[in-house]
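Asks: based on what follows, work out the 3D shape:
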Amino acid sequence: YHQGQGVPQDYKTAVKWFRLAAEQGYASAQSNLGSMYGNGTGVPQDYKTAVKWWGLAAEQRNAYAQSLLGFAYQKGNGVLQDYKTAVKWYRLAAEQGDASAQYRLGDMYATGEGVPKDDKTAAKWYRLAAKQGDAAAQFNLGQRYYYEEGVSQDHKTAVRWYRLSAEQGHATAQYNMGVMYGNGTGVIQDI
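Replies: Numbering: from 1, shown residues only. Okay, here's the model as predicted:
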């Protein structure tokens, strides 16, 4: 019902079924129900209820819910803003391979929110997410190589990551590719 596969798409009915499974402790349903509340899809938007369901799923090691719970703590959606708790949940999800959590954990290290600022560790987490195709992580990793933040400056590698991000529609990466070609930085100049 959520996806409209084999039945007409119906978010309210999806919520009904997610709730039935979530109340029985099924982590994926808890995570999805939390997202329905977080997005206001099929139910009124309610971050506190979203956090409740994400928390239940996160405690069962559901990486998607852990990542969403981290974001809720980072932004203060439904909970008091708490960067250290955000980092905790991002790390748990990132260590399970969740690309979104890896990207956001990279951001936390890049800005020093909830952890000491550490460009090398930021680059590590961006790289893990970038290798999974996360366009924002690819762009940020390109920036790291361009500006020598946590990695050795390498314009060719910056171009490689910018290109991957740009091909997914990341506007700033597309702009940076134009600048790189215009200046001949990391590529043969091609106006």
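
Asks: switch to C-alpha atoms for all contacts and neighbour counts from now on
Replies: Noted.

Asks: please report phi then psi for the residue nearest the centre of the chain.
Replies: Compute the mean C-alpha point of the chain, and by CA atoms, centre = their mean the closest residue is Ser100, 2.5 Å away. Ser100 adopts backbone torsions of phi -60, psi -40, taken as degrees, to the nearest 10.

Asks: go through stretch 167-186 and flag the buried ones.
Replies: 170, 173-174, 176-177, 180-181, 185-186 (16 or more other CA atoms under 10 Å).

Asks: list just the nearest of those to Phe139.
Replies: When the buried residues of stretch 167-186 are ranked by distance to Phe139 (CA to CA), Ala173 comes first, at 6.0 Å.

Asks: ok, that closest one to Ala99 distance?
Replies: The span separating Ala173 from Ala99 equals 19 Å under the rule CA to CA, to the nearest Å.

Asks: tell me where the chain has helices.
Replies: Per DSSP state H, the chain has helices spanning 11-22, 27-39, 47-59, 63-75, 83-95, 99-111, 119-131, 135-147, 155-166, 171-183. These are given in chain order.

Asks: hang on, the earlier thing: how about the buried residues of stretch 167-186 in CSV, adding pLDDT and distance to Thr85?
Replies: What follows is these, written out as CSV (pLDDT from 0 to 100; distance: CA to CA, whole Å):
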residue, pLDDT, distance to Thr85
His170, 98, 29
Ala173, 98, 31
Gln174, 98, 34
Asn176, 98, 34
Met177, 98, 36
Met180, 98, 39
Tyr181, 98, 42
Thr185, 97, 40
Gly186, 97, 39
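
Asks: in TSV, list these along with distance to Asp119.
Replies: As requested, these are exported to TSV (distance: CA to CA, whole Å):
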residue	distance to Asp119
His170	22
Ala173	20
Gln174	24
Asn176	21
Met177	23
Met180	23
Tyr181	27
Thr185	23
Gly186	22
